[in-house]
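Peer 1: for reference, the sequence and a predicted model appear below.
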Amino acid sequence: MVKQKRIDMATYTIVKFKNLTPLHIGTGKENYDFSSSELHSDTLSAAIAAIRAQQGKTDDVKEFLQSFVISSAFPFVGNSLFLPKPQGKLDVSVSDMDEYPSRKKLKKIRYIETSLWNQLAAGNNVVVKSNQLRKEFLLADNNEFTQPFKTQVNQRVTIPRDDNQTADPFFFEWKYFSSNAGLYCLLDASEEVKKVIVSLLGTLGEIGLGTDRNVGGGKFEVETSSITLNDLSQANAEMLLSLYIPTEDELSQLNLPNSRYDLVLRGGYMAGSEQDMLRHLRKKSIYMFNVGSVFATTQNIAGKVVDLRPEWNDDKMHPVFRSGKPFVVPINIKQNE
């Protein structure tokens, strides 16, 4: 079982999803006119485990999910990587804007370029210019910037199986990526497990992520590299780069009254099941701590893997594991903010 150790400086594996074809991530609801804005860590780890199970390795799924931690997926453009904004007020000043309009723009920021993110994570005040704020992105400089993706809603029609039925139109939202942009995730595992996961992600890229894989959606090519985060020996908190389900013992360690966090409800259909008869069933739902949550603690947290199989009396029902193991990075926060 991998448990992230608290260290002053850490190097992680970057896995880029390059040449990403149009992507739709389901929201767990029946409507398709809205795609989830996040490709969450539990979706990625479950997809990796599903590819492995299709290769015949079904006896140790839970143990496999416990052998690594993976972040949610974040945008990249060219060589620029973006990390999620920490929960709470950003310690950022905009030098060429008044405070009130700058605060309004800063509230819209969701992703921060890594060099600036490292400064903020170290507890430093960062001064930027207004042209470094590009919609939901905070850039490290004011160079030319291409938005990594755009969304488009297309009308489609269901094809009825019965000639007496009418074709019903519906709307479907796609996320289209720029040619030099895509998504990436961070991976922490032993070298042996890392090689297995990168190989499985390569297979996943050939099959596709998300909805409508049968028409080429969500396909990508894998490219790996590494990233080293700054020395944070004075860090006083931990920030999530993944979803997280705490163990009962960990809840008391998180110092929630002094933490800044967000919860997200996870569930949805068993769409990834190999059993056609089970795919219409909904998994049990569970709340997880969301990406960007900041816990005022320096203690190691390990999280847990849970089984969300629905109550269904059938011999073909199988476990539906979801990983709530946290990908955490140390940061320095100002108390009482």
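Peer 2: Sure, I can see it.
Peer 1: where do the helices sit along the stretch 101-250 of the chain?
Peer 2: 114-121, 191-207, 248-251 (DSSP state H, counting those that start in this stretch).
Peer 1: turn those into CSV, columns for mean neighbour count and distance to S93.
Peer 2: Quick note: C-beta positions are derived from backbone N, CA and C, even for glycine. Shown next, in CSV, are the helices of the stretch 101-250 of the chain (neighbours: other Cβ atoms under 10 Å; distance: least, Cβ to Cβ, whole Å):
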stretch, mean neighbour count, distance to S93
helix 114-121, 20, 12
helix 191-207, 16, 39
helix 248-251, 11, 35
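Peer 1: compile those into CSV and extend it with columns for distance to V153 and mean pLDDT.
Peer 2: Formatted as CSV, the helices of the stretch 101-250 of the chain follow (distance: least, Cβ to Cβ, whole Å; pLDDT from 0 to 100):
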stretch, distance to V153, mean pLDDT
helix 114-121, 31, 91
helix 191-207, 25, 96
helix 248-251, 40, 92
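Peer 1: quick one: contacts for L23?
Peer 2: By Cβ atoms under 8 Å, 6 or more residues apart in numbering, the contact set of L23 is S35, L39, W174, K175, F177, L209, G210, G217, G218.
Peer 1: repeat that for G217.
Peer 2: T21, P22, L23, H24, W174, G208, L209, G210, T211.
Peer 1: pop out the phi and psi values for it.
Peer 2: phi -80, psi 140 (degrees, to the nearest 10).
Peer 1: before we move on, back to that, the helices of the stretch 101-250 of the chain: which one's closest to V329?
Peer 2: For the helices of the stretch 101-250 of the chain, the distance to V329 is smallest for helix 114-121, at 7.1 Å, taking Cβ to Cβ.
Peer 1: the closest one packs against which elements?
Peer 2: strand 80-84, strand 126-128, strand 328-331 (3 or more Cβ pairs under 8 Å, 6 or more residues apart in numbering; DSSP states H and E).
Peer 1: which of the contacts of G217 tops the neighbour count?
Peer 2: L23 (28 neighbours; other Cβ atoms under 10 Å).
Peer 1: quick check: bridge partners of that one?
Peer 2: In this entry, L23 is beta-bridged to K175, by DSSP bridges.
Peer 1: on that earlier part again, need the worst-confidence member of the contacts of G217.
Peer 2: Lowest pLDDT of those: T211, 70.
Peer 1: re earlier: determine which two of the contacts of L23 are furthest apart.
Peer 2: L39 and W174 (14.0 Å).
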